[in-house]
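[1] Sharing a model prediction with you, sequence too.
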Amino acid sequence: MLYNPTSAFARAVTAGEIIAVSAAIYLNCPNKIVGSFLFSIGLLTVIQFGLKLYTGWTGVFADYIGVKAGRHEKIEGNDLTLTELSVLLVYILLGNFLGAGIIGALVNLCLPETRDAAVLLMQNKEAVSLSGMIMKGVLCGCLMQVAFIANAGPRTIEGFLVAILCIMGFILAGFEHSIADIAYAFIAMQWTAQTVILLIAAVLGNLLGGHFTWLQLDR
């Protein structure tokens, strides 16, 4: 993997956009099971086209540790340093934020019913304690890392099925996906201090969950 933060940022913007589209679809589904299934459109698109999604990259530091410990070799000549990995992850997060923000803001302006659903969803999310937010982010990070690890090799029906089930699982359980939460926040467009806390907690929780899941599975 060549070190190209600019290219990663562009692909991260696209990933953020498709996740926001999926979030809007979910908000318009009265049936949560159907909505959670359709939300997987976003993740499957990210996987199929190699887009850069923050929750798929939260295991990069654990992967770096695994290489240093000699458990496996880097894939495709990836010889990035820890600093480069950190910068790349920040670029991906910022790109996801921008992409989700663009689509979220457009939905807010054009689809008032979707906006109202997002407002209610964000109010429910922001009623959770800080520790609860972080833990929900950790659990979502675990599921997302499983989804990406299952699709790390050649594309298979089994890998896609794992991704779909992981998406449905985190949504139905009420776990916090940082990029989806960013999209919901922009669709609702009612920013409060609690909104910012929720997003920070989700970002941190996703990172911790993805990191430790990779450590457990990278044997």
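    Sure thing, it's come through.
[2] can we go C-alpha only for contacts and neighbour counts from here?
    OK.
[3] Just the helices from this structure, written as ranges.
    In the chain, the helices defined using DSSP state H lie at 5-27, 32-49, 60-68, 82-110, 112-126, 130-150, 157-173, 178-188, 193-217.
[4] rank those by mean pLDDT and give me the bottom one.
    Across the helices of the chain, helix 60-68 has the smallest mean pLDDT, namely a mean of 72.
[5] Check the offset of stretch 18-26 from the chain's centre.
    Using C-alpha atoms, centre = their mean, to the nearest Å, the mean C-alpha position of stretch 18-26 is found 12 Å from that of the whole chain.
[6] next one: stretch 89-97
    On the basis of C-alpha atoms, centre = their mean, stretch 89-97 sits 11 Å off its chain's mean C-alpha point.
[7] likewise stretch 50-58?
    7 Å.
[8] Likewise for stretch 88-107?
    11 Å.
[9] List the buried residues of it.
    88-89, 91-105, 107 (16 or more other C-alpha atoms under 10 Å).
[10] Could you measure from the spatially most central residue of the chain over to residue 4?
    What sits nearest the mean C-alpha location of the chain, by C-alpha atoms, centre = their mean, is residue 55, with 3.7 Å. Distance, residue 55 to residue 4, using C-alpha to C-alpha, to the nearest Å: 19 Å.
[11] Could you pull up phi and psi at residue 127?
    Per-residue torsions, residue 127: phi -80, psi -10 (degrees, to the nearest 10).
[12] I'd like to know how far it sits from residue 175.
    14 Å.
[13] These two: who's more crowded?
    residue 175 (23 against 12; other C-alpha atoms under 10 Å).
[14] before we move on, back to that, the residue nearest to the centre of the chain contacts residue 205, doesn't it?
    No - the criterion here is C-alpha atoms under 8 Å, and residue 55 misses it with residue 205 at 10.1 Å.
[15] quick one: common contacting residues for those two?
    residue 141 (C-alpha atoms under 8 Å, 6 or more residues apart in numbering).
[16] could you list every residue that touches residue 16?
    By C-alpha under 8 Å, 6+ apart, the neighbours of residue 16 are 53, 95-101, 179.
[17] how about 6 Å then?
    96, 99-100 (C-alpha atoms under 6 Å, 6 or more residues apart in numbering).
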